[in-house]
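Engineer: got a predicted structure plus its sequence, pasted below:
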Amino acid sequence: EVQLQASGGGLVQAGGSLRLSCTTSGFTFRDYAIGWFRQAPGKEREGVACISNSDFSTTYADSVKGRFTISNDHAKNTVTLQMNSLKPEDTAVYYCAADWVCTANMNYWGKGTQVTVSS
């Protein structure tokens, strides 16, 4: 059974940092891509960052480029999203998801973690 669990959310002041982790199990980690998505109240879900575990290629939303960094740890089957210089508009529930490739509609999803950035 494919399982993903996001953790690391919390409350932080603008300009601060948070580190989200996505712990995975139930599939061959190196064969999949893992993406981070977020959804703010009243807004559509948006892709934030994605990493291919096979070739380590990464993609980022324009809104987070230069501030967020996605990375993977094959020994721990985890993907991390380091978020720096946080802004109030980054406030959302963050989810991690998995599929063969990075896509807007990934096949497997975990429960989200709340990130709140105060001004």
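Structural biologist: In hand now; what should we look at? Small disclaimer: the values here were computed from a predicted structure and weren't measured. Numbers count the residues shown, from 1 in each chain.
Engineer: check which helix or strand the residue most central in space within the chain maps to.
Structural biologist: The structure's the chain has its C-alpha centroid closest to Trp36; by C-alpha atoms, centre = their mean the separation is 2.6 Å. Applying DSSP states H and E as the criterion places Trp36 in strand 33-39.
Engineer: what are the pairing partners of the next helix or strand after that strand, and which direction each?
Structural biologist: Following strand 33-39 in sequence order, the next helix or strand is strand 46-52 (DSSP H and E). With DSSP bridges as the test, strand 46-52 is paired with strand 33-39 (antiparallel), strand 58-60 (antiparallel).
Engineer: would you list the ones you listed in JSON lines and tack on distance to Ala49 and mean pLDDT?
Structural biologist: The C-beta positions use only the backbone N, C-alpha and C, and glycine is treated the same way. Compiled in JSON lines, these are given as follows (distance: least, C-beta to C-beta, whole Å; pLDDT from 0 to 100):
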{"stretch": "strand 33-39", "distance to Ala49": "5", "mean pLDDT": "98"}
{"stretch": "strand 58-60", "distance to Ala49": "5", "mean pLDDT": "97"}
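Engineer: so which of those strands is nearest Val117?
Structural biologist: Taking C-beta to C-beta, strand 33-39 is the member of these nearest to Val117, at 11.6 Å.
Engineer: what is the neighbour count of Thr59?
Structural biologist: Residues near Thr59, counting by other C-beta atoms under 10 Å, number 15.
Engineer: I should have written Lys76 there, sorry.
Structural biologist: Using other C-beta under 10 Å, the number of residues around Lys76 comes to 12.
Engineer: from Leu20, how far off is it?
Structural biologist: 14 Å (C-beta to C-beta, to the nearest Å).
Engineer: got it, and Thr69?
Structural biologist: Relative to Leu20, Thr69 is positioned 11 Å away (C-beta to C-beta).
Engineer: which one's more surrounded, the two?
Structural biologist: The neighbour count for Thr69 versus Leu20, taken as other C-beta under 10 Å, is higher for Leu20 (24 against 16).
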